[in-house]
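[1] Sequence unavailable; structure follows:
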């Protein structure tokens, strides 16, 4: 029997709600705020997809996931098939489903969203990813080993994505990580209540099943250089995904007072080093009771909500623009507001004041108003004269962005751009042959999905560099006309690598 | 993959001990002035420790540690030959610039004696005339005098109580060296911040370039957290990736010392909790090891 055609009027009209911890409960724990769809929620929400012809969602996705494809498999209750569809493109659905800013990507252009609320694509992706974890599914293809050794520097999302692709292409991949645990920003930066570290660990374990080796406690650049990797250590290609991370401060007086930290430091102490479980874990925290976080991006939201959970009585967000310009993911701002964060929009810090023990005790600020747009297109904040005021705070966290980490620039011949990030061409190749780079170390601070997209893009270029051909791009003579062939050989062939038909 | 095994353990005093750790790659890469970040256990904190020596042939690095807080005291108790650390990562920091100086004074105060040793040795190997100035509280706390005699052209030992060498702080030793040698190119000083500040002030009127090695609180050691920021002249630098060596005449030591005090309340409670747990453990299990006796 043919299915009745779905129209905007026949699909469930309301976006299926996500079960969540109440704000009062969740500020006392680090458990996930969004608890995840139950099976019935996922099926109802999957029905809301119209499987429309132009598929704007797939185009809106930075890595081009076949979104209608996986959702249709869900409606047919083929969840394993949905998982395979997603993971053909995106390795980490449990991660991206939780942290992608879907409202400005797939969901932002969803056809259903023109009339109703968009299909909750991210929640569906997360549902599939979590089911895969629970069921132990992996998408490991047949891998024919090659003779190539590839190194990946950094075990964050960019490195993980590149490593997976190179491993699937048959290379022996080693991922080097400076910290004692892999995962990069997924581990140290994003708190457990948004992305549990246990999920990150499961995904990393799947990578080891692809044959990828993780070596932690390895500071590339200092323990050995990129150049040594290509010469002495026998790597044929290297991907650099070391992330952004040389935190910015404002340069206002008082920044060296005790209790003034970068968001990176605050989050690393709380998340990776589990300072919140002091004294079971040794890293000191000394959280403030009245915390002020400067910034309104995802990192700032994380810093504020972590502060609440480790005992702050009052948490302020100090942001020089208004809510409309705040760069954080919409859901995070919404959750932060529900949790009682005090948002001081259009406010900019002038000075941090200390007590006799050299710890911060107050912040002096001024109010701002939005003037003409600046180079980024956003309206520039200008101070309102006479609006200075002071308030008490015993911890100030700067979440205003980062600069490029200097270690690789100090220790290798890699060419940097004028901001200190690694210079790359349109294929993410660096100035050293065989070395590619992607993610925050190239673009500056961005998102997990963009880093993963960069990792995959670099992998395509690295495979071309090594002369590896994907099995799904076989050149058959009948596909090429005479002009594309020379002596019967397709001009697109650039090497003598054997073609394996899977 | 290295397993951070401890191959040698020596107690230099009741508070200072030496660990030699097997890590061939690290030994090969280590240069004077660099440090490592160590985690004793999976739930430990990350602490920076300067590399006091490295043996590329043997494949080991040496750390000399002072037991001041919970972690270093616990390590003093637990880190024996054959045990392993949870994590050792490095070598971190920009290596010390062993320049063209022809005459150098290498100053080590207390625990600073250990990390200044590879610098003194490197300067000697570069052909410079090396004057070593070592400061200890008293004769019983002295260590590595023989290693320094082997690489220094002159060695001035200073003790607070005069029980060995001259009586006084290392600044007195520096003054004597400057008085005797008008052609000193550079002074390198490592030790507690107050000592390095004193050394910088001792050389400032003579305009002698003075490099110091800063020891702020650190977490990652790779430049991503900014916890180790220090004020150098008008600028803010991160000691882990922009240092740890800086021009002593530009360093704001008061700021460094103030920032070092931030976690004192936590350090105190951690120490008290640990000492209490040790007391309970040894009371309920008499066989559990007591802290090691002092000795060489």
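    Cool, got the structure. Predicted, not measured: the structure shown is a model, and the values here were computed from it. Numbering: from 1, shown residues only, chains lettered A, B, ... in the order given.
[2] could you pull out the strands for the stretch 151-300 of chain A?
    Using DSSP state E, counting those that start in this stretch, the strands of the stretch 151-300 of chain A run over A:172-176, A:213-215, A:237-240, A:244-247, A:260-262, A:290-294.
[3] same deal with the stretch 151-296 of chain B?
    Under DSSP E, counting those that start in this stretch, the stretch 151-296 of chain B gives strands at B:154-159, B:166-167, B:186-190, B:209-213, B:229-232, B:235-238, B:245-247.
[4] residues in contact with residue 112?
    Defaulting to chain A. Neighbouring residues of residue A:112 by C-beta atoms under 8 Å, 6 or more residues apart in numbering or on different chains: A:8, A:11, A:48-50, A:118-119. (Each C-beta comes from the backbone N, C-alpha and C, glycine too.)
[5] nope, chain B
    For residue B:112, the contact set (C-beta under 8 Å, 6+ apart) comprises B:189-192, B:195-196, B:213.
[6] Please report which of the residues you listed has the highest neighbour count.
    In terms of neighbour count, residue B:190 stands highest of the contacts of residue B:112 at 30 neighbours, by other C-beta atoms under 10 Å in any protein chain shown.
[7] Quick check: pLDDT value at the closest residue to that one other than its chain neighbours.
    In space, and not counting its chain neighbours, residue B:190 is closest to residue B:112: 3.8 Å by C-beta to C-beta, 6 or more residues apart in numbering or on different chains. Looking at residue B:112, its pLDDT is 92.
[8] Can you classify residue B:112 as helix, strand or coil?
    Secondary structure, DSSP: H, G, I helix; E, B strand; the rest coil: residue B:112 is helix.
[9] Tell me how many other residues crowd residue A:444.
    Counted with other C-beta under 10 Å, residues neighbouring residue A:444 total 15.
[10] Surely it and residue A:419 touch.
    Yes: when contacts are counted by C-beta atoms under 8 Å, residue A:444 is listed as touching residue A:419 (7.3 Å).
[11] Need the overlap of contacts for those two.
    Residues touching both residue A:444 and residue A:419 by C-beta under 8 Å, 6+ apart: residue A:404.
[12] picking that back up, rebuild the contacts of residue B:112 as TSV, extending it with pLDDT and distance to residue A:149.
    Shown next, in TSV, are the contacts of residue B:112 (pLDDT from 0 to 100; distance: C-beta to C-beta, whole Å):
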residue	pLDDT	distance to residue A:149
B:189	97	45
B:190	97	40
B:191	95	45
B:192	95	46
B:195	96	48
B:196	97	45
B:213	97	37
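[13] between these, which is nearest residue A:357?
    Using C-beta to C-beta, residue B:192 is the member of the contacts of residue B:112 that lies nearest residue A:357, at 19.9 Å.
[14] Which one of the contacts of residue B:112 is nearest to residue A:350?
    Nearest to residue A:350, judged by C-beta to C-beta, of the contacts of residue B:112 is residue B:196 at 33.0 Å.
[15] what's near enough to touch the closest one?
    Residue B:196 neighbours (C-beta under 8 Å, 6+ apart): B:109, B:112, B:189-190, B:212-214, B:248, B:251, B:253.
[16] run the last query once more with 10 Å
    B:107, B:109, B:112, B:170, B:189-190, B:210-215, B:246, B:248, B:251, B:253, B:256 (C-beta atoms under 10 Å, 6 or more residues apart in numbering or on different chains).
[17] again with residue B:8
    By C-beta under 10 Å, 6+ apart, the contact set of residue B:8 is B:18-22, B:58, B:60, B:62, B:81.
[18] cutoff 8 Å now
    B:18-20, B:60, B:62, B:81.
[19] What of residue A:311?
    Contacts for residue A:311 (C-beta under 8 Å, 6+ apart) come out as A:287, A:289.
[20] So it versus residue A:60, what's the distance?
    Taking C-beta to C-beta, to the nearest Å as the measure, residue A:311 falls 40 Å from residue A:60.
[21] now do residue A:76
    Separation of residue A:76 from residue A:60 (C-beta to C-beta) stands at 24 Å.
[22] of these two, who's got more company?
    residue A:60 (19 against 10).
[23] wait, doesn't that one sit right on residue A:109?
    Yes: counting by C-beta under 8 Å, residue A:60 touches residue A:109, with 4.3 Å between them.
[24] And for the residue of the stretch 351-500 of chain A found nearest chain B, nearest residue in space, chain neighbours not counted?
    Here the stretch 351-500 of chain A gets closest to chain B at one residue, residue A:358, 4.1 Å apart by C-beta to the nearest C-beta. Spatial nearest neighbour of residue A:358, chain neighbours left out: residue B:258 (4.1 Å); criterion: C-beta to C-beta, 6+ apart.
[25] Can you give me every residue that contacts the one you found?
    So residue B:258 contacts A:256, A:258, A:358 (C-beta under 8 Å, 6+ apart).
[26] repeat that with 10 Å
    Taking C-beta under 10 Å, 6+ apart, we find residue B:258 in contact with A:256-258, A:354, A:357-359, B:252.
[27] now residue B:199
    By C-beta under 10 Å, 6+ apart, the residues touching residue B:199 are B:105, B:107, B:109, B:112, B:133, B:135, B:169-171, B:173-174, B:187-191, B:210, B:212, B:248.
[28] likewise residue A:244?
    A:185, A:264, A:401-405, A:421, A:439-446, A:451, B:224.
[29] Give me the subset of these that lies in helices.
    Cross-referencing these against helices under DSSP state H gives A:185, A:264, A:440-443, A:451.
[30] quick one: which two of the residues you listed are the most distant?
    A:264 and A:442 (18.7 Å).
[31] the more surrounded of these two?
    Set residue A:264 next to residue A:442 and count neighbours by other C-beta under 10 Å: residue A:264 wins out with 28 against 25.
[32] Can you tell me how far the more buried one is from residue A:258?
    Remark: distance between residue A:264 and residue A:258 (C-beta to C-beta) = 17 Å.
[33] residue contacts, the residue positioned nearest the centre of chain A?
    Centroid-nearest residue in chain A, with C-alpha atoms, centre = their mean: residue A:448, separated by 1.4 Å. Shown in contact with residue A:448 (C-beta under 10 Å, 6+ apart): A:62, A:92, A:95-96, A:98-101, A:156-158, A:160-161, A:184-186, A:189-190, A:195, A:298, A:439.
[34] residues in contact with residue A:9?
    Neighbouring residues of residue A:9 by C-beta under 10 Å, 6+ apart: A:115-116.
[35] How about residue A:443?
    By C-beta under 10 Å, 6+ apart, the contact list for residue A:443 reads A:158, A:244, A:421-422, A:424, A:437, A:450-451, A:454.
[36] out of the residues you listed, which one sits closest to residue B:231?
    Looking across the contacts of residue A:443 and measuring by C-beta to C-beta, the closest to residue B:231 is residue A:244, at 23.8 Å.
[37] give me the number of residues near the residue lying closest to the closest one once chain neighbours are set aside?
    Of all residues not flanking residue A:244 in the chain, residue A:440 sits nearest, at 3.6 Å (C-beta to C-beta, 6+ apart). The criterion is other C-beta under 10 Å. On that basis, residue A:440 has 27 neighbouring residues.
[38] Likewise for residue B:73?
    Residue B:73 has 20 nearby residues by other C-beta under 10 Å.
[39] which secondary element of chain B has the worst mean pLDDT?
    Ranking every helix and strand in chain B by mean pLDDT, DSSP states H and E puts helix B:264-284 at the bottom, with a mean of 91.
[40] what's the spacing between that helix and its chain's center?
    Computed by C-alpha atoms, centre = their mean, to the nearest Å, the chain-centroid distance of helix B:264-284 equals 25 Å.
[41] who does that helix touch, helix- and strand-wise?
    Where contact means 3 or more C-beta pairs under 10 Å, 6 or more residues apart in numbering or on different chains; DSSP states H and E, helix B:264-284 is packed against helix B:70-78.
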